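Visitor: sequence first, predicted model second:
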Amino acid sequence: MSQEIGQSEESERTTAPIENGFPIRQLNDIAEKEGYGGARQWYRPIYTMHKWWARRLGSTFRAISLYSLLDDPDSINVYEPGADQQLSSFEGERNDLERLISSVSIEDPDALWELYPKDVRISDKKILDPFMGGGTSLVEASRFGAECHGQDLNPVAWFVTKKEIDAGSTDPEKLEAAYDKIEASVADELKQYYKTPCPNHPEEHDADVMTSFWVKQLDCVSCGEAVSLFGDYRVGKGRYENDDKYSVFCPGCESVVYADDWRSDTTCSECGHEWVPQEGTVSGSSYTCQECGQKYGITDAIQEQDGYDLKYFAIEYYCSTCDDRRDYDKSDTKGYRGVREEDINLYEEAESRWENSPNLHDYVPDESIPEGHMTSDRNPLFDHGYENWKDMFSDRQLLVLSILMSEIENIPDKNIREFFLITLCGALRYNSMMSGYSQTNNQKHDLFKTNSFAPPTQPSEGNIWGAEYGTGTFQSTWEKTIRAVKWANRPTERYIEYPDTNGYPSHPINRDLDEPDTVETSPFAQPIGQNTTVEQGDVRDIDAEDEYDAVITDPPYYDNIIYSEISDFFYVWQKVLLEDEYECFEDERTPHDESIVANPFLDKGEEEFEHELGEAFSSIQQALKQDGLLAFTYHHSDSESWGELLQSLCEAGFEVTATYPITADVSKFIEGEAVEFDIVIIARPASERQPISWNSLRRNIYRTAQKTRQRLEENRDLSRGDIGVVEMGRCFHEYSKHHGKVERAGKTMTAKEVVDEIYGVIQHGSDIGEIDVFLDLLETPDASFNDLNKLCRGTNATPERMEDMRLYRMDDGFKLGIWNNEKRIAYIQSRVDSDEELTNLDMAQFLRYRWEHGKSVSEYLRKWEITDDLRELCEGLADATGDDTYRNILESRLSDY
């Protein structure tokens, strides 16, 4: 295989395609489509079965797996998608596969991409993901037939991934039969708690309540008046023929009426009350009494008043009976209205049943909310009056959820039972009193839309089982589950066809232009998850040694999301049915202290995170075969993040071989602005590291960056920021080979210090001139004119210019113009005498010559500006020649010689 990434000729390690090139543009185009809006549930339904945070796209990990695992044509089989297992045309000629694999390069990274939509199988590969999270890497790697092992410390992550893997071997018909039984048993009972008299025929039939609207109330601390905490008085956007209006709540008569402009004066059509719906009682973290004008902090009042009250003020309804008659406008069959007495009575009926059904209380969590950064610091739940997890739910929600849980517990098949538990937990995102309502989109908010706990002042309560319409219901979540299982049994792939470009993209996707077609393949014959196992546990406890061909993962990023704390919301519900089945669900919460993440609440900052991540990488390095490959995605924000990561990897015995962007554009990077990167990093267990001077390494980095940039700019249509990330990876590789042995001014440089330098090279470009080439020649044994020519290629230096500077001569063989070369010193002396501008090399060699001959250097040290660049050059000359005089020439103890 190619030695492109810079391995020594002695190395026998085979490079993987991903080390030589990666289809950034192709992947970004398909990833943009997969990640757009709600497309994920159609591209790969398996990943929408249950929430996991910061989940990478399936297309990303499919591409990583494809380019990481395909390195031996003899271990690869390629089939056309479809149940008949027809061999692809690639199987007709093994040389074709070898050609595709070996031709991947910076210039031609798409060479392997034509296998992306094929049913590719790889034998004899063993894969590990020790940070499996939501399981994306394992699902995608398993589709290639690899033996996959996954692990995660978080029990929720383990359970979610377990069910994704189980999905491929689960019979969808058995799931559907179990759903039918549950629906027949409890659906009507549960839906009865979400009914309301039909707005059109209240005496004849009921309509379904899609959403119940509540508002928190606090007493005014001045006059005692009850204040409803409205941010504004919108209920929802008008639909159909009223889509240019908003339904608003009238504080005068408590009706819901239409407002032509909710931001300006509005008159209630029911009572004539005049108000501005935009002007609520809440502003920021305070509320204002409209009776006396007193303003006060919301959380202060909650604590002083020992909680808050809730007012049921509006509903969103749908009447299927009236809709079927087709003699009503659509807005009369689906809309908003104020709460009626029947609505309040129905809620109280559910509340009473809950209070008088102690047997159902065992099916809801009774754990207290643990203190942590996400619950105590970021948005203190306790200040908002929440103490236990069940405080986040209304009594009606607890009743319905407990009935569902008891029904799920009675399912005899353990695997089927767990899929329904996953479904119920998925519905919890939209079915708690922690969910607000989007008036512009007419739907409930996902509890974790901000990846945190943010208690709303206007909670929305959904119809948990579900009406014909509604967001996040058990019924609609179930549809995601069954779609996921069916896809897992017969997965498909989607890819882009680029017309008139031989299958390759000619420009980035532009949604304002005609888009290339997205094609869905026939189902693949191999289900997901075969030969895959997952465990709950800490990456640092993995005891495997020299076992895995590749580790493909997505490790935690600093303090981006503290998964352990927010996943407790799901954990306590899953624990109800799982604590007797699995040991990892016996504790009160998920592991917090052991999680590798910066957590201010636990006094875990940058140093602790870097140390723990380093421990994890050490464990991974031990588990990998010596010729194994580590491929992982990561989230970066600045050069400091790069330095921490590179330091951790190198200290754990890795060397970075490549980096690639997986964002659409990071061009701000070049201007040095703060940019968040999503990147793929490739690393290998390090070979023996060789010492090197910083000056030599810097020149290698300059050349590497410039060569990489030129190749990418000449052959690929990428943004400058994307090119910069690829440059960065090649420069990291240069450093990784010498980590811990890079000397600068007698001190060993850290990875962070080198990254700062590399970052500057990438941002500002490299400038390799005559002096850099001269230093390289000094370090080249038996340097020749051919070496000079090679070193000048791709630089700003030319042999002609160097000859003019007397940096070499050819009159008696190839000789370098060192400090004691007569022609070189004569050249410098003439420039000194005529006050011509001197280079740093001129100055360094002139001072070295005078010192050797016992001549004073002090007048020149006073006359010339002794810059950091000059000092750096003297260090480089000392390293290149072994002549420490250069290192001391600028010191004061020699200046008065």
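Guide: Sure thing, it's come through.
Visitor: where along the stretch 551-700 of the chain do the helices fall?
Guide: Defined through DSSP state H, counting those that start in this stretch, the helices belonging to the stretch 551-700 of the chain, from first to last, are 563-566, 568-578, 606-623, 639-651, 694-715.
Visitor: between those, which one is closest to Tyr233.
Guide: Tyr233 lies closest to helix 568-578 among these, at 30.0 Å (CB to CB). In this view, the C-beta of every residue, glycine as well, is placed from N, C-alpha and C.
Visitor: show me what that closest one is packed up against.
Guide: Contact analysis of helix 568-578 by 3 or more CB pairs under 8 Å, 6 or more residues apart in numbering; DSSP states H and E lists helix 155-167, helix 395-409, helix 414-427 as its packing neighbours.
Visitor: tell me the secondary structure for Leu190?
Guide: What DSSP: H, G, I helix; E, B strand; the rest coil gives for Leu190 is helix.
Visitor: please verify my assumption that it contacts Ile403.
Guide: Yes - with contacts counted by CB atoms under 8 Å, Leu190 reaches Ile403, the gap being 6.4 Å.
Visitor: and for these two, which residues touch both?
Guide: None of the residues lies in contact with both Leu190 and Ile403 under the rule CB atoms under 8 Å, 6 or more residues apart in numbering.
Visitor: returning to what we had before: of all the helices of the stretch 551-700 of the chain, which one comes closest to Cys319?
Guide: helix 568-578 (32.5 Å).
Visitor: pLDDT of the closest one, averaged?
Guide: Model confidence over helix 568-578, given as mean pLDDT, is 98.
Visitor: got the angle between it and helix 414-427?
Guide: Taking axes from the mean of the first three to the mean of the last three CA atoms, to 10 degrees, one finds that helix 568-578 is oriented at 150 degrees with respect to helix 414-427.
Visitor: re earlier: tell me which of the helices of the stretch 551-700 of the chain sits most buried.
Guide: Counting by mean count of other CB atoms under 10 Å, helix 563-566 has the highest mean neighbour count of those, with a mean of 26.
Visitor: can you give the contact residues for that one?
Guide: 53, 133, 153-154, 157, 370, 372-375, 448, 451-453, 556, 589-592, 595, 597.
Visitor: from those, list the buried ones, please.
Guide: Buried by 16 or more other CB atoms under 10 Å: 133, 153-154, 157, 370, 372-375, 448, 452-453, 556, 589-590, 592, 595, 597, out of the contacts of helix 563-566.
Visitor: any regions of the stretch 651-800 of the chain where pLDDT drops low?
Guide: By pLDDT under 70, the low-scoring segments of the stretch 651-800 of the chain are 663-677, 715-716, 763-767, 794.
Visitor: hey, where'd the strands end up in it?
Guide: Secondary structure of the stretch 651-800 of the chain, counting by DSSP state E, counting those that start in this stretch: strands at 654-661, 677-685, 692-693, 742-744, 747-748.
Visitor: least trustworthy helix or strand in this protein by mean pLDDT?
Guide: Least confident element among the helices and strands of the chain, by mean pLDDT, DSSP states H and E: helix 892-895 (a mean of 42).
Visitor: coming back round to it: okay, the strands of the stretch 651-800 of the chain, which one's buried deepest?
Guide: Using mean count of other CB under 10 Å, the stretch among the strands of the stretch 651-800 of the chain with the largest mean neighbour count is strand 654-661, at a mean of 26.
Visitor: which helices and strands does that one pack with?
Guide: Contacts of strand 654-661 with other secondary structure elements, assessed using 3+ CB pairs under 8 Å, 6+ apart, are made with helix 17-20, helix 639-651, strand 677-685, helix 720-736.
Visitor: let's have the ones you listed in JSON lines, adding distance to Phe382.
Guide: Supplementary listing: the helices and strands packed on strand 654-661 in JSON lines, determined by distance: least, CB to CB, whole Å:
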{"stretch": "helix 17-20", "distance to Phe382": "47"}
{"stretch": "helix 639-651", "distance to Phe382": "32"}
{"stretch": "strand 677-685", "distance to Phe382": "34"}
{"stretch": "helix 720-736", "distance to Phe382": "42"}
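Visitor: ok, which of these comes nearest Ile76?
Guide: Ranking the helices and strands packed on strand 654-661 by their distance to Ile76 (criterion: CB to CB) puts helix 17-20 first, at 11.8 Å.
Visitor: ok, and what's touching that closest one?
Guide: With CB under 8 Å, 6+ apart as the test, helix 17-20 has contacts from 2, 4-5, 64, 67-68, 70-71, 101, 104-106, 109, 111-112, 629, 631, 657-658, 680, 682.
Visitor: picking up where we left off before, let's have the helices of the stretch 551-700 of the chain in JSON lines, adding distance to Val276.
Guide: Shown next, in JSON lines, are these (distance: least, CB to CB, whole Å):
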{"stretch": "helix 563-566", "distance to Val276": "37"}
{"stretch": "helix 568-578", "distance to Val276": "37"}
{"stretch": "helix 606-623", "distance to Val276": "48"}
{"stretch": "helix 639-651", "distance to Val276": "46"}
{"stretch": "helix 694-715", "distance to Val276": "56"}
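Visitor: to Glu836, which of these lies closest?
Guide: Once the helices of the stretch 551-700 of the chain are compared by CB to CB, helix 694-715 is nearest, at 25.6 Å.
Visitor: follow-up on the earlier one: filter the contacts of helix 17-20 to the buried ones?
Guide: 2, 4-5, 64, 67-68, 70-71, 101, 104, 106, 109, 111-112, 629, 631, 657-658, 680, 682.
Visitor: which of the residues you listed fall in helices?
Guide: Among those, DSSP state H puts Ile64, Tyr67, Ser68, Ile101 in helices.
Visitor: between the residues you listed, which sits nearest Trp465?
Guide: The nearest one, if we look at these relative to Trp465 and count by CB to CB, is Ile64, at 39.8 Å.
Visitor: quick check: that closest one touching Thr553?
Guide: No - at 9.9 Å, Ile64 does not count as touching Thr553 under the criterion of CB under 8 Å.
Visitor: who touches both of those two?
Guide: Contact criterion CB under 8 Å, 6+ apart; residues bridging Ile64 and Thr553 by contacting each: Ser137, Ala631, Thr633.
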